[in-house]
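*Asks:* Below are the sequence and a predicted model for it; my questions follow.
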Amino acid sequence: QQQQQQQRQRRQKRKPRRRRGDFVRPEHYEVSPIPGVADKYWGQRWRIFSRYDSGCRMDHEGWFSTTPERLAMHVAQRIAGTATGAGGLCVVDAFCGCGGNTIQLAMQENVAAVIAIDLNESRLRMAEHNAGIYGVAGKITFVVGDAWRILRRGEWPALKGGGGAAPERVDAVVLAPPWGGPEYLGRAAYSIKRNIKNSEAPEDPAAGPDDGETLLDAAAGTGAASVVYLLPRNTPETDVEELRRRYAKAALARDFTIRTTVEYEDQRLNNKLKMRAAYFGAVATTETPAEAPPTPDY
């Protein structure tokens with residue numbers, strides 16, 4: 001009888017089962033003081049910007065779409081490592097947002113200029129403000145516009161404004177397009193072609209709407225030696241293989257001397273898979289994207 005009573009007590013102490021998909025706020029999460037910003041995002045503010053308390057700004061979308069600082073730094077350092085001559089690199093951040101990737105690119109010694117593009121002018125002003133906090137606004141040219149069109153036209157000398165230089169060429173392009181909000185994780189597999197869409201009307205209606213694949217075509221067509229594509233963690237490798245094929249075709253059509261190597265990398269933060277990066281050209285270190293190499297866990 002005593003043993004049965006002990007068993008009943010143990011059962012009562014057990015935590016109730018949680019249904020799959022239910023979110024339980026961990027005890028270490030702070031309550032967000034900003035309306036509309038989830039507690040879990042507020043708790044990660046220093047991972048997004050280590051200088052957040054110095055006055056960094058983000059809009060609602062920026063809280064869940066800005067690349068965490070350590071991952072942005074990792075990508076920026078890889079791009080900076082491709083510099084071979086004097087003068088430094090010019091890098092295009094095609095989807096600047098609130099400036100996570102842009103700032104880390106500008107902080108690299110081997111990067112001379114960054115062109116930061118975004119359709120949302122108010123978000124671009126936030127990025128400019130944040131870059132000032134990090135002391136690198138003078139290396140950045142902020143451009144309001146459609147990334148697909150700007151990459152296709154490649155009119156870099158005409159992109160004047162801000163503090164950055166207007167270069168004759170670009171050496172690298174970073175692609176971090178909107179993934180569609182946190183809901184992207186609800187998909188079993190994230191399609192680069194179906195789920196990444198340009199909100200602007202296409203320049204050529206006969207060619208159909210722009211998507212994630214035509215975005216890579218536009219980036220490769222700039223002649224940049226390196227392209228980095230930041231993708232959701234549920235992107236299938238078959239999609240990346242299709243990107244590899246398209247990149248080789250677009251890059252070789254412009255320059256037969258360009259490297260068409262591709263690398264696929266899992267990016268983790270605190271031992272949790274956050275996103276995947278596809279490296280094309282000079283920034284890639286391997287021929288095959290089939291198996292991601294081990295990635296430093298920040």
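*Replies:* Cool, got the structure.
*Asks:* in the stretch 151-298 of the chain, which spans are helices?
*Replies:* 192-195, 212-220, 237-254 (DSSP state H, counting those that start in this stretch).
*Asks:* wait, which of those helices is closest to L119?
*Replies:* helix 212-220 (13.4 Å; C-beta to C-beta). To be clear about C-beta, it is placed using only N, CA and C from the backbone, and glycine gets the same treatment.
*Asks:* ok, and for the closest one, which residues are buried?
*Replies:* For helix 212-220, burial by neighbour count (16 or more other C-beta atoms under 10 Å) applies to G212, E213, T214, L215, L216, D217, A218, A219, A220.
*Asks:* The second one touches E242, doesn't it?
*Replies:* Yes: in terms of C-beta atoms under 8 Å, E213 counts as a neighbour of E242; the distance is 7.0 Å.
*Asks:* Need the three-state assignment for F142.
*Replies:* Of the three states, F142 takes strand under DSSP: H, G, I helix; E, B strand; the rest coil.
*Asks:* Just the pLDDT for it.
*Replies:* At F142, the model reports a pLDDT of 94.
*Asks:* Spell out the secondary structure type for I117.
*Replies:* In three-state terms, and counting by three-state DSSP, I117 is strand.
*Asks:* Can you mark which positions in stretch 137-144 are buried?
*Replies:* For stretch 137-144, by 16+ other C-beta under 10 Å, it's A137, K139, I140, T141, F142, V143.
*Asks:* before we move on, the earlier item: can you say which of the helices of the stretch 151-298 of the chain is packed in most?
*Replies:* Stretch with highest mean neighbour count among those: helix 212-220 (a mean of 23; mean count of other C-beta atoms under 10 Å).
*Asks:* still on that earlier bit, what's the closest of the helices of the stretch 151-298 of the chain to N130?
*Replies:* With C-beta to C-beta as the criterion, N130 lies closest to helix 212-220 of the helices of the stretch 151-298 of the chain, at 24.0 Å.
*Asks:* how distant is that closest one from the center of its chain?
*Replies:* The chain centroid and the centroid of helix 212-220 are separated by 15 Å under C-alpha atoms, centre = their mean, to the nearest Å.
*Asks:* who touches it?
*Replies:* 94, 147-148, 151-152, 173, 175, 177, 191-193, 195-198, 227, 229, 242-243, 246-247, 250-251, 254, 280 (C-beta atoms under 8 Å, 6 or more residues apart in numbering).
*Asks:* now do 6 Å
*Replies:* 148, 151-152, 173, 175, 192-193, 196, 227, 243, 246-247, 250-251 (C-beta atoms under 6 Å, 6 or more residues apart in numbering).
*Asks:* same question, stretch 128-139
*Replies:* 51, 54, 56-57, 99, 103, 106-107, 113-114, 140, 142, 163-164.
*Asks:* just stretch 270-278 next, same as before
*Replies:* Contact with stretch 270-278 is made by Y229, L230, L231, R233, T235, V240, Y264, E265, D266, Q267, D297, as judged by C-beta under 6 Å, 6+ apart.
*Asks:* With stretch 47-59 instead?
*Replies:* Contacts for stretch 47-59 (C-beta under 6 Å, 6+ apart): R45, W46, T66, P68, E69, C98, R123, M126, H129, N130, I133.
*Asks:* out of these, which are buried?
*Replies:* R45, T66, P68, E69, C98, R123, M126, N130, I133.
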